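>>> quick one: sequence plus predicted model below, questions after.
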Amino acid sequence: MIGAGKMKQYANVLDKPLSKGRQEVSLSAFAYLFSELVQYNQTQVDNIGDLERRLEDAGYAVGARVLELLCHREKGNRRETRLLGILSFIHSTVWKVLFGKVADSLEKGTEHEDEYMISEKELLGVLDNAGFPAVVTAHFVPVEGQQRPRTTILIKYYEEKQD
Amino acid sequence: MAPVVPRSGDAIFANVERVNSELFTLTYGAIVRQLLTDLEEVEEVNKQLDQMGYNIGIRLIDEFLAKSNVTRCVDFRETAEVIAKVGFKMFLGVTASVTNWDAEGTCCSLILDDNPLVDFVELPDTCQGLYYCNILSGVVRGALEMVSMKTEITWIRDMLRGDDAFELQVKLLKQVPEEYPYKDDE
(Lines give C-alpha, C1' and ligand atoms only; values in the text may rest on other atoms or scores of the structure.)
Protein backbone atom coordinates (compact mmCIF):
# COMPACT_ATOMS: atom_id res chain seq x y z
CA MET A 1 0.00 0.00 0.00
CA ILE A 2 1.34 3.37 -0.86
CA GLY A 3 2.46 5.49 2.03
CA ALA A 4 3.15 2.65 4.41
CA GLY A 5 6.85 2.31 3.69
CA LYS A 6 9.55 3.99 5.68
CA MET A 7 11.20 7.14 4.41
CA LYS A 8 14.66 6.85 2.94
CA GLN A 9 17.59 8.16 4.89
CA TYR A 10 17.40 11.90 5.28
CA ALA A 11 20.79 12.33 3.75
CA ASN A 12 19.77 14.49 0.86
CA VAL A 13 16.68 16.65 0.89
CA LEU A 14 16.86 17.99 4.40
CA ASP A 15 20.54 18.77 4.14
CA LYS A 16 20.04 20.93 1.11
CA PRO A 17 20.27 24.57 2.03
CA LEU A 18 16.91 26.31 1.92
CA SER A 19 16.60 28.71 -0.95
CA LYS A 20 15.70 32.32 -0.33
CA GLY A 21 12.35 31.78 -1.97
CA ARG A 22 12.94 34.21 -4.77
CA GLN A 23 12.66 31.79 -7.61
CA GLU A 24 9.67 32.22 -9.84
CA VAL A 25 7.72 30.43 -12.51
CA SER A 26 5.37 31.97 -14.99
CA LEU A 27 1.83 32.64 -13.84
CA SER A 28 0.55 30.63 -16.77
CA ALA A 29 2.52 27.57 -15.67
CA PHE A 30 0.79 27.78 -12.33
CA ALA A 31 -2.57 28.40 -13.97
CA TYR A 32 -2.24 25.35 -16.24
CA LEU A 33 -1.30 23.22 -13.28
CA PHE A 34 -4.15 24.50 -11.16
CA SER A 35 -6.57 23.98 -14.01
CA GLU A 36 -5.48 20.34 -14.34
CA LEU A 37 -5.91 19.91 -10.60
CA VAL A 38 -9.47 21.17 -10.77
CA GLN A 39 -10.32 19.22 -13.91
CA TYR A 40 -8.93 16.00 -12.49
CA ASN A 41 -10.94 16.42 -9.33
CA GLN A 42 -14.07 17.09 -11.34
CA THR A 43 -13.76 13.60 -12.78
CA GLN A 44 -13.54 12.08 -9.34
CA VAL A 45 -16.67 13.58 -7.81
CA ASP A 46 -20.41 13.83 -8.49
CA ASN A 47 -21.21 17.13 -6.89
CA ILE A 48 -19.78 20.52 -6.08
CA GLY A 49 -19.52 19.85 -2.37
CA ASP A 50 -17.15 16.94 -2.89
CA LEU A 51 -15.16 18.94 -5.40
CA GLU A 52 -14.72 21.77 -2.94
CA ARG A 53 -13.72 19.37 -0.21
CA ARG A 54 -11.08 17.74 -2.39
CA LEU A 55 -9.68 21.11 -3.44
CA GLU A 56 -9.71 22.14 0.18
CA ASP A 57 -7.71 19.05 1.10
CA ALA A 58 -5.18 19.89 -1.57
CA GLY A 59 -5.00 23.44 -0.30
CA TYR A 60 -4.62 22.25 3.26
CA ALA A 61 -1.53 20.32 2.32
CA VAL A 62 -0.11 23.36 0.57
CA GLY A 63 -0.95 25.66 3.46
CA ALA A 64 0.59 23.46 6.11
CA ARG A 65 3.83 23.32 4.17
CA VAL A 66 3.85 27.01 3.40
CA LEU A 67 3.51 27.68 7.10
CA GLU A 68 6.45 25.41 7.98
CA LEU A 69 8.60 26.87 5.27
CA LEU A 70 7.90 30.47 6.16
CA CYS A 71 8.21 29.97 9.88
CA HIS A 72 11.59 28.48 9.36
CA ARG A 73 12.85 30.93 6.82
CA GLU A 74 11.34 34.22 7.85
CA LYS A 75 11.01 34.00 11.54
CA GLY A 76 13.83 31.72 12.62
CA ASN A 77 11.51 28.94 13.72
CA ARG A 78 9.44 31.03 16.04
CA ARG A 79 5.82 30.37 15.47
CA GLU A 80 2.95 32.62 16.43
CA THR A 81 0.79 31.23 19.16
CA ARG A 82 -1.75 33.98 19.42
CA LEU A 83 -4.59 34.18 16.93
CA LEU A 84 -4.09 37.81 16.03
CA GLY A 85 -0.40 37.20 15.55
CA ILE A 86 -0.94 34.37 13.15
CA LEU A 87 -3.61 36.23 11.21
CA SER A 88 -1.33 39.16 10.80
CA PHE A 89 1.46 36.82 9.72
CA ILE A 90 -0.81 35.34 7.07
CA HIS A 91 -2.04 38.74 6.01
CA SER A 92 1.42 40.07 5.36
CA THR A 93 4.17 37.50 5.03
CA VAL A 94 2.28 34.55 3.64
CA TRP A 95 0.25 36.61 1.23
CA LYS A 96 3.37 38.41 0.07
CA VAL A 97 5.20 35.18 -0.67
CA LEU A 98 2.28 33.57 -2.43
CA PHE A 99 0.80 36.50 -4.26
CA GLY A 100 3.50 39.12 -4.29
CA LYS A 101 1.71 41.64 -2.14
CA VAL A 102 0.22 42.12 1.27
CA ALA A 103 -3.46 41.26 1.51
CA ASP A 104 -5.78 44.20 1.16
CA SER A 105 -7.16 44.22 4.65
CA LEU A 106 -7.62 42.29 7.82
CA GLU A 107 -10.80 43.05 9.66
CA LYS A 108 -12.63 41.82 12.64
CA GLY A 109 -16.12 40.60 11.84
CA THR A 110 -19.00 42.26 13.61
CA GLU A 111 -21.42 39.42 14.06
CA HIS A 112 -19.47 36.97 16.13
CA GLU A 113 -16.74 37.54 18.65
CA ASP A 114 -14.24 35.34 16.96
CA GLU A 115 -14.67 36.05 13.28
CA TYR A 116 -12.09 37.75 11.11
CA MET A 117 -11.93 38.51 7.47
CA ILE A 118 -9.05 38.95 5.13
CA SER A 119 -10.13 40.72 2.02
CA GLU A 120 -8.40 40.58 -1.27
CA LYS A 121 -9.50 42.14 -4.48
CA GLU A 122 -8.61 40.41 -7.72
CA LEU A 123 -7.34 37.18 -6.34
CA LEU A 124 -4.99 36.25 -9.13
CA GLY A 125 -7.75 36.51 -11.70
CA VAL A 126 -7.05 33.16 -13.27
CA LEU A 127 -8.31 31.00 -10.47
CA ASP A 128 -11.62 29.25 -10.64
CA ASN A 129 -14.35 30.75 -8.49
CA ALA A 130 -15.41 27.49 -7.00
CA GLY A 131 -11.94 26.23 -6.36
CA PHE A 132 -10.02 29.03 -4.77
CA PRO A 133 -12.12 30.03 -1.78
CA ALA A 134 -11.95 26.46 -0.63
CA VAL A 135 -8.20 26.48 -1.00
CA VAL A 136 -7.71 29.71 0.87
CA THR A 137 -10.00 28.84 3.75
CA ALA A 138 -8.10 25.65 4.36
CA HIS A 139 -4.85 27.51 4.70
CA PHE A 140 -5.90 28.70 8.09
CA VAL A 141 -6.77 25.40 9.59
CA PRO A 142 -3.28 24.14 10.36
CA VAL A 143 -2.29 27.30 12.21
CA GLU A 144 -4.82 26.89 14.93
CA GLY A 145 -2.55 25.79 17.70
CA GLN A 146 -5.10 26.35 20.43
CA GLN A 147 -8.58 25.14 21.06
CA ARG A 148 -10.79 27.77 19.62
CA PRO A 149 -14.41 26.82 19.61
CA ARG A 150 -16.14 27.88 16.46
CA THR A 151 -13.57 30.25 15.09
CA THR A 152 -14.65 31.05 11.61
CA ILE A 153 -12.24 32.63 9.26
CA LEU A 154 -13.92 33.90 6.17
CA ILE A 155 -12.28 35.10 3.05
CA LYS A 156 -14.27 37.64 1.23
CA TYR A 157 -12.86 38.58 -2.05
CA TYR A 158 -13.95 40.63 -4.97
CA GLU A 159 -13.25 39.36 -8.43
CA GLU A 160 -12.96 42.47 -10.44
CA LYS A 161 -12.09 40.95 -13.72
CA GLN A 162 -13.77 37.92 -15.17
CA ASP A 163 -11.45 35.50 -16.85
CA MET B 1 6.69 43.01 -43.77
CA ALA B 2 9.49 43.51 -41.29
CA PRO B 3 10.93 40.24 -40.04
CA VAL B 4 9.95 39.45 -36.47
CA VAL B 5 12.93 38.72 -34.28
CA PRO B 6 12.60 35.71 -31.99
CA ARG B 7 12.84 36.72 -28.36
CA SER B 8 15.16 35.17 -25.88
CA GLY B 9 13.82 33.08 -23.04
CA ASP B 10 15.04 35.59 -20.47
CA ALA B 11 13.33 38.49 -22.18
CA ILE B 12 10.02 36.68 -22.36
CA PHE B 13 10.22 35.47 -18.80
CA ALA B 14 10.91 38.99 -17.61
CA ASN B 15 7.78 40.16 -19.37
CA VAL B 16 5.26 37.57 -18.25
CA GLU B 17 3.49 37.63 -14.94
CA ARG B 18 5.20 35.36 -12.49
CA VAL B 19 4.38 33.68 -9.24
CA ASN B 20 6.46 32.31 -6.46
CA SER B 21 7.83 28.95 -7.54
CA GLU B 22 7.20 27.43 -4.13
CA LEU B 23 3.47 27.81 -4.58
CA PHE B 24 3.89 26.00 -7.88
CA THR B 25 6.01 23.27 -6.32
CA LEU B 26 3.59 22.70 -3.46
CA THR B 27 0.57 22.64 -5.74
CA TYR B 28 2.26 20.04 -7.94
CA GLY B 29 3.04 18.01 -4.84
CA ALA B 30 -0.60 18.15 -3.84
CA ILE B 31 -1.60 16.84 -7.27
CA VAL B 32 0.83 13.94 -7.11
CA ARG B 33 -0.32 13.09 -3.60
CA GLN B 34 -3.95 13.08 -4.68
CA LEU B 35 -3.18 10.81 -7.60
CA LEU B 36 -1.27 8.41 -5.39
CA THR B 37 -4.17 8.23 -2.98
CA ASP B 38 -6.79 7.80 -5.69
CA LEU B 39 -5.00 5.50 -8.08
CA GLU B 40 -2.72 3.55 -5.76
CA GLU B 41 -0.72 1.95 -8.56
CA VAL B 42 2.44 3.87 -9.34
CA GLU B 43 2.19 3.01 -13.02
CA GLU B 44 -1.30 4.47 -13.17
CA VAL B 45 -0.07 7.65 -11.57
CA ASN B 46 2.74 7.88 -14.11
CA LYS B 47 0.21 7.55 -16.91
CA GLN B 48 -2.14 10.11 -15.41
CA LEU B 49 0.66 12.62 -14.92
CA ASP B 50 1.68 12.16 -18.52
CA GLN B 51 -1.92 12.66 -19.63
CA MET B 52 -2.26 15.84 -17.57
CA GLY B 53 0.97 17.06 -19.05
CA TYR B 54 -0.31 16.32 -22.52
CA ASN B 55 -3.47 18.34 -21.84
CA ILE B 56 -1.32 21.23 -20.72
CA GLY B 57 1.12 20.88 -23.61
CA ILE B 58 -1.49 21.15 -26.34
CA ARG B 59 -2.61 24.51 -24.90
CA LEU B 60 0.76 25.75 -23.82
CA ILE B 61 2.16 25.59 -27.34
CA ASP B 62 -0.13 28.41 -28.45
CA GLU B 63 1.08 30.67 -25.72
CA PHE B 64 4.63 29.69 -26.49
CA LEU B 65 4.34 30.49 -30.18
CA ALA B 66 2.53 33.74 -29.49
CA LYS B 67 5.01 35.07 -26.99
CA SER B 68 8.28 33.84 -28.40
CA ASN B 69 7.96 34.80 -32.06
CA VAL B 70 10.02 31.81 -33.09
CA THR B 71 9.99 31.08 -36.76
CA ARG B 72 9.44 27.57 -37.97
CA CYS B 73 12.38 25.46 -36.88
CA VAL B 74 14.56 24.19 -39.68
CA ASP B 75 15.16 20.82 -38.13
CA PHE B 76 14.67 18.84 -34.98
CA ARG B 77 17.97 20.06 -33.56
CA GLU B 78 16.69 23.59 -33.59
CA THR B 79 13.42 22.46 -32.08
CA ALA B 80 15.18 20.87 -29.16
CA GLU B 81 17.30 23.95 -28.54
CA VAL B 82 14.26 26.19 -28.60
CA ILE B 83 12.42 23.99 -26.12
CA ALA B 84 15.39 23.91 -23.79
CA LYS B 85 16.36 27.56 -23.92
CA VAL B 86 13.13 29.40 -24.58
CA GLY B 87 10.31 27.05 -23.63
CA PHE B 88 11.55 25.90 -20.26
CA LYS B 89 12.76 29.37 -19.39
CA MET B 90 9.56 31.17 -20.12
CA PHE B 91 7.38 28.80 -18.14
CA LEU B 92 9.54 27.29 -15.45
CA GLY B 93 12.16 29.97 -15.14
CA VAL B 94 15.01 27.52 -15.72
CA THR B 95 16.89 26.50 -18.83
CA ALA B 96 17.78 23.01 -19.91
CA SER B 97 20.68 21.84 -22.01
CA VAL B 98 20.54 19.58 -25.02
CA THR B 99 22.96 16.67 -25.44
CA ASN B 100 23.34 13.10 -26.62
CA TRP B 101 22.29 13.55 -30.18
CA ASP B 102 22.07 10.38 -32.20
CA ALA B 103 23.52 10.06 -35.67
CA GLU B 104 20.32 10.90 -37.54
CA GLY B 105 19.53 13.91 -35.40
CA THR B 106 16.16 12.54 -34.32
CA CYS B 107 16.87 11.72 -30.73
CA CYS B 108 18.40 13.82 -27.99
CA SER B 109 18.36 14.44 -24.27
CA LEU B 110 17.18 17.50 -22.40
CA ILE B 111 19.08 17.91 -19.15
CA LEU B 112 17.61 19.87 -16.29
CA ASP B 113 19.93 20.70 -13.43
CA ASP B 114 17.37 22.81 -11.66
CA ASN B 115 13.79 21.65 -11.52
CA PRO B 116 11.18 23.68 -9.66
CA LEU B 117 8.81 20.71 -9.51
CA VAL B 118 10.97 18.78 -7.12
CA ASP B 119 12.03 21.24 -4.43
CA PHE B 120 11.57 19.68 -1.01
CA VAL B 121 10.59 16.34 -2.52
CA GLU B 122 11.81 12.92 -1.55
CA LEU B 123 10.31 9.66 -2.72
CA PRO B 124 9.44 7.11 -0.07
CA ASP B 125 10.34 3.46 -0.57
CA THR B 126 6.83 2.54 -1.64
CA CYS B 127 6.90 4.91 -4.59
CA GLN B 128 10.10 3.87 -6.21
CA GLY B 129 8.55 3.30 -9.61
CA LEU B 130 7.11 6.78 -9.72
CA TYR B 131 8.30 9.26 -12.31
CA TYR B 132 7.48 12.26 -10.21
CA CYS B 133 8.06 14.76 -13.01
CA ASN B 134 6.17 12.81 -15.60
CA ILE B 135 3.95 15.77 -16.24
CA LEU B 136 6.89 17.37 -18.03
CA SER B 137 7.19 14.55 -20.51
CA GLY B 138 3.49 14.94 -21.30
CA VAL B 139 3.83 18.68 -21.75
CA VAL B 140 6.66 18.35 -24.26
CA ARG B 141 4.92 15.54 -26.11
CA GLY B 142 1.63 17.46 -26.33
CA ALA B 143 3.25 20.67 -27.43
CA LEU B 144 5.29 18.99 -30.15
CA GLU B 145 2.31 17.05 -31.41
CA MET B 146 0.52 20.33 -32.04
CA VAL B 147 3.34 21.38 -34.32
CA SER B 148 3.17 18.16 -36.26
CA MET B 149 5.85 16.15 -34.52
CA LYS B 150 5.08 12.81 -33.00
CA THR B 151 7.57 12.01 -30.29
CA GLU B 152 8.36 9.45 -27.67
CA ILE B 153 9.61 10.83 -24.39
CA THR B 154 11.26 8.90 -21.61
CA TRP B 155 13.11 9.68 -18.42
CA ILE B 156 16.71 8.54 -18.52
CA ARG B 157 17.89 10.07 -15.28
CA ASP B 158 15.83 11.20 -12.32
CA MET B 159 17.33 12.96 -9.32
CA LEU B 160 14.60 11.66 -7.07
CA ARG B 161 15.80 8.18 -7.85
CA GLY B 162 19.35 8.95 -6.93
CA ASP B 163 20.74 10.20 -10.24
CA ASP B 164 22.67 13.44 -10.50
CA ALA B 165 20.38 15.26 -12.91
CA PHE B 166 17.05 15.09 -14.70
CA GLU B 167 17.51 13.76 -18.20
CA LEU B 168 14.57 13.55 -20.55
CA GLN B 169 15.04 11.71 -23.81
CA VAL B 170 13.08 13.12 -26.70
CA LYS B 171 12.82 10.93 -29.76
CA LEU B 172 11.22 12.16 -32.94
CA LEU B 173 9.09 9.39 -34.41
CA LYS B 174 7.34 11.08 -37.25
CA GLN B 175 6.94 14.48 -38.72
CA VAL B 176 3.51 15.01 -40.19
CA PRO B 177 3.53 18.21 -42.19
CA GLU B 178 0.22 19.98 -42.38
CA GLU B 179 -1.48 20.05 -45.74
CA TYR B 180 -2.51 23.49 -46.86
CA PRO B 181 -5.15 23.77 -49.53
CA TYR B 182 -3.66 27.10 -50.59
CA LYS B 183 -0.28 28.82 -50.59
CA ASP B 184 0.08 30.77 -47.39
CA ASP B 185 2.73 33.18 -48.58
CA GLU B 186 0.82 35.49 -50.90
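Arrived safely.
>>> just the element for the residue nearest to the spatial centre of chain B, please.
What sits nearest the mean C-alpha location of chain B, by CA atoms, centre = their mean, is residue B:140, with 3.6 Å. Using DSSP states H and E, residue B:140 falls within helix B:134-146.
>>> run the chain-centre distance for that helix.
How far helix B:134-146 lies from its chain's middle: 6 Å, per CA atoms, centre = their mean, to the nearest Å.
>>> stretch B:144-154 too?
11 Å.
>>> one step back: now do the helix holding residue B:140: which elements does it pack against?
helix B:42-68, strand B:149-157, strand B:166-175 (3 or more CB pairs under 8 Å, 6 or more residues apart in numbering or on different chains; DSSP states H and E). The way it works is simple: take the backbone N, C-alpha and C, and place the C-beta from them, glycine included.
>>> how about 10 Å then?
Judged by 3 or more CB pairs under 10 Å, 6 or more residues apart in numbering or on different chains; DSSP states H and E, helix B:134-146 is in contact with helix A:27-44, helix B:21-39, helix B:42-68, helix B:76-82, helix B:88-92, strand B:107-112, strand B:149-157, strand B:166-175.
>>> that one - what's its average pLDDT?
For helix B:134-146, the mean pLDDT works out to 93.
>>> just stretch A:43-53 next, same as before
pLDDT averaged over stretch A:43-53 gives 83.
>>> give me the neighbour count for the nearest residue to residue A:41 once chain neighbours are set aside.
Spatially, and ignoring its direct neighbours in sequence, residue A:41 is nearest to residue A:54 (4.7 Å; CB to CB, 6 or more residues apart in numbering or on different chains). Residue A:54 is flanked by 21 other residues according to other CB atoms under 10 Å in any protein chain shown.
>>> where does pLDDT dip in chain B?
Scanning chain B for pLDDT under 70 picks out B:1-6, B:178-186.
>>> hmm, I typed the wrong one, I wanted chain A.
Along chain A, segments meeting pLDDT under 70 span A:1-21, A:74-87, A:91, A:94-95, A:97-163.
>>> contacts only, for the residue nearest to residue A:41.
A:37-38, A:40-42, A:44-45, A:131, A:134, B:34, B:38 (CB atoms under 10 Å, 6 or more residues apart in numbering or on different chains).
>>> tell me what the closest residue to residue B:16 other than its chain neighbours is bridged to.
Nearest residue to residue B:16 in three dimensions, chain neighbours excluded: residue A:26, at 4.8 Å (CB to CB, 6+ apart). Beta-bridge pairing of residue A:26 under DSSP bridges involves residue B:18.
>>> just checking, residue A:26 touches residue A:32?
Yes - between residue A:26 and residue A:32 there is a contact under CB atoms under 10 Å: 9.3 Å.
>>> any common contacting residues for the two?
Common neighbours of residue A:26 and residue A:32 (CB under 10 Å, 6+ apart) are B:60, B:63, B:91.
>>> show me what contacts residue B:130?
Counted by CB under 10 Å, 6+ apart, residue B:130 has contacts A:2, B:32, B:35-36, B:42-43, B:45-46, B:49, B:123-124, B:158, B:160-161.
>>> give me that answer again for 8 Å
Neighbouring residues of residue B:130 by CB atoms under 8 Å, 6 or more residues apart in numbering or on different chains: B:32, B:36, B:42, B:45-46, B:123.
>>> does the residue nearest to residue A:41 count as helix, strand or coil?
helix (DSSP: H, G, I helix; E, B strand; the rest coil).
>>> could you do residue B:177 as well?
Going by three-state DSSP: residue B:177 is coil.
>>> what about it, neighbour count?
7.
>>> could I get the phi/psi values of the residue lying closest to it once chain neighbours are set aside?
Nearest residue to residue B:177, sequence neighbours excluded (CB to CB, 6+ apart): residue B:148, at 5.9 Å. Note on residue B:148: its backbone torsions stand at phi 70, psi 20 [degrees, to the nearest 10].
>>> distance check, residue B:148 against residue B:108.
From residue B:148 across to residue B:108, the span is 18 Å (CB to CB, to the nearest Å).
>>> of the two, which one has the most company?
Neighbours per residue (other CB under 10 Å) separate residue B:148 from residue B:108, with residue B:108 holding more: 23 against 11.
>>> for the more buried one, what are its contacts?
B:76-77, B:80, B:98-102, B:169-170.
>>> ok, residue B:164 next?
Counted by CB under 8 Å, 6+ apart, residue B:164 has contacts residue B:157.
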